[in-house]
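>>> predicted model and sequence below, questions to follow.
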6 protein chains.
Amino acid sequence: MPEILVHIVEGRSAESKKALMRDITEAVVRNFAVPAERVVVQIVESPKSDKMRGGVAFDEM
Amino acid sequence: MPEILVHIVEGRSAESKKALMRDITEAVVRNFAVPAERVVVQIVESPKSDKMRGGVAFDEM
Amino acid sequence: MPEILVHIVEGRSAESKKALMRDITEAVVRNFAVPAERVVVQIVESPKSDKMRGGVAFDEM
Amino acid sequence: MPEILVHIVEGRSAESKKALMRDITEAVVRNFAVPAERVVVQIVESPKSDKMRGGVAFDEM
Amino acid sequence: MPEILVHIVEGRSAESKKALMRDITEAVVRNFAVPAERVVVQIVESPKSDKMRGGVAFDEM
Amino acid sequence: MPEILVHIVEGRSAESKKALMRDITEAVVRNFAVPAERVVVQIVESPKSDKMRGGVAFDEM
């Protein structure tokens, strides 16, 4: 607790994704005063063809 | 806002998935009067072996 | 199958939310050729103070 | 109804995942008195590099 | 890990919901061989007017 | 893109929740080089009786 789901499209580097998850973990620890061990972050990634903003798929932007 | 997650099993064509996401986007714009640009739709797809209805996995139906 | 989650902030009328869920249901039936009975749509609503875009909470926009 | 999402990292056997989904289905039927046909369970799996607990990615534990 | 989200409509008793969450926890421990401490289950509940199956809202069934 | 869902139990102050969402937004901007405007964070909150860790509901801890 808490559990954070991050919904993105494929294409980010493993480094940037891990850095983001670490920063989110620290943000939870800092603001909610919970031990880091309690914080779980999972990235839910879809292909660019499976995500759309404004009616346009990410592989067509 | 809003963000829509569509949970399905693998096997749909890219065309039908994009058509669905476009139709959902239009439905949000029409009913909530928000600009299309604000609407994000993401398909969260799992293998047929990783989804079950009625106690039966989709790869065993 | 499929299950659709729609994430929004509080404040929409019951009518517009039901109309949206009906339109999404029809969009799934039309594009995926599944019986309507298989389509489940759930709205996950948060207070405006619990959602943020661009670093600004919806109750401060 | 209900729809259950199970968020895990890659690496579990297909057998253990199906057994879990079957057990969850039975738990819903038993506790909520709904027909099994109404219960949908989907596993949302991410690579070990895309999930973190306590600030450590699962591929670095 | 794992984190389980259970999407339902309002109306279930606190007892049945806790019994379900306990049974799901045990199912994860049994099938995935993880300590119970690692299993988090959260019920995401919406009003009956905010959920639809087959194009019919749960408050109109 | 990306959309972040934060699953917690009731009881956090509005200030701490907003501070967390702001920090998460900044973490995404910093690590993924996207404009803040693209980042949406929503807190999905459940009563303490509707969430469980290790087989114990949060209202019984």
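Thanks, I have it.

>>> which residues touch residue A:32?
Listed by Cβ atoms under 8 Å, 6 or more residues apart in numbering or on different chains, the contact set of residue A:32 reads A:2, F:8, F:12, F:16, F:20. Glycine gets a C-beta too; all of them are placed from N, C-alpha and C.

>>> in the residues you listed, find the pair that's most separated.
In the contacts of residue A:32, two members sit farther apart than any others by Cβ to Cβ. They are A:2 and F:16, at 11.5 Å.

>>> the two: which has the busier surroundings?
Neighbour comparison, residue A:2 and residue F:16: the larger count goes to residue A:2, with 25 against 13 (by other Cβ atoms under 10 Å in any protein chain shown).

>>> quick one: the more buried one from chain C, how far?
Residue A:2 sits 12 Å away from chain C, going by Cβ to the nearest Cβ, to the nearest Å.

>>> give me the number of neighbouring residues for the residue nearest to that residue when sequence neighbours are not counted.
In space, residue A:2 comes closest to residue F:8 once its chain neighbours are excluded; the distance is 4.3 Å by Cβ to Cβ, 6 or more residues apart in numbering or on different chains. Other residues near residue F:8 come to 23 when the count uses other Cβ under 10 Å.

>>> for residue F:8, helix, strand, or coil?
Under DSSP: H, G, I helix; E, B strand; the rest coil, residue F:8 falls in the strand class.

>>> does it have beta-bridge partners, and which?
Using DSSP bridges, the bridge partners assigned to residue F:8 are residue F:45.

>>> tell me the centre residue of chain A?
Most central in chain A under Cα atoms, centre = their mean is residue A:6, positioned 2.9 Å from the mean C-alpha point.

>>> and the helices in chain A?
Along chain A, the stretches classed as helices by DSSP state H are A:14-32.

>>> what does it put close to chain E?
Residues of chain A lying close to chain E by Cβ under 8 Å from any Cβ of the partner chain are A:1, A:3, A:40, A:42.

>>> quick check, the first one in contact with residue F:56.
No - Residue A:1 is beyond contact range of residue F:56, at 11.6 Å (criterion: Cβ atoms under 8 Å).

>>> these two: who's more crowded?
Under the neighbour definition other Cβ under 10 Å, residue A:1 and residue F:56 were set side by side, and residue A:1 has more, 18 against 15.

>>> and the residue of chain A found nearest chain C, how many neighbours?
Scanning chain A for proximity to chain C using Cβ to the nearest Cβ identifies residue A:7 as nearest, at 9.9 Å. Counted with other Cβ under 10 Å, the neighbours of residue A:7 add up to 22.

>>> likewise residue A:33?
As a burial measure, residue A:33 scores 9 neighbours (other Cβ under 10 Å).

>>> one more: the one 5 residues further on?
In terms of burial, residue A:38 registers 17 neighbours under the definition other Cβ under 10 Å.

>>> so which bits of chain A are right by chain D?
A:3, A:5, A:14, A:17-18, A:21-22, A:25-26, A:35-45.

>>> list only those of those flagged as buried.
By the neighbour-count criterion of 16 or more other Cβ atoms under 10 Å in any protein chain shown, the residues of chain A next to chain D include these buried positions: A:3, A:5, A:17-18, A:21-22, A:25, A:38-45.

>>> show me the two of these that sit farthest apart.
When Cβ to Cβ is used, the two most widely separated members of those are A:38 and A:45, lying 23.8 Å apart.

>>> still on that earlier bit, got CSV for the contacts of residue A:32, with pLDDT too?
Compiled in CSV, the contacts of residue A:32 are given as follows (pLDDT from 0 to 100):
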residue, pLDDT
A:2, 93
F:8, 98
F:12, 98
F:16, 98
F:20, 98
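
>>> going by distance to residue F:60, which of those residues wins?
Using Cβ to Cβ, the shortest approach to residue F:60 within the contacts of residue A:32 belongs to residue F:8, at 17.1 Å.

>>> got the contact list for the residue in chain A that chain E sits nearest to?
Nearest to chain E in chain A, going by Cβ to the nearest Cβ, is residue A:3, at a distance of 4.4 Å. Going by Cβ under 8 Å, 6+ apart, residue A:3 touches A:40-42, D:7, E:3, E:40, E:42, F:6-7.
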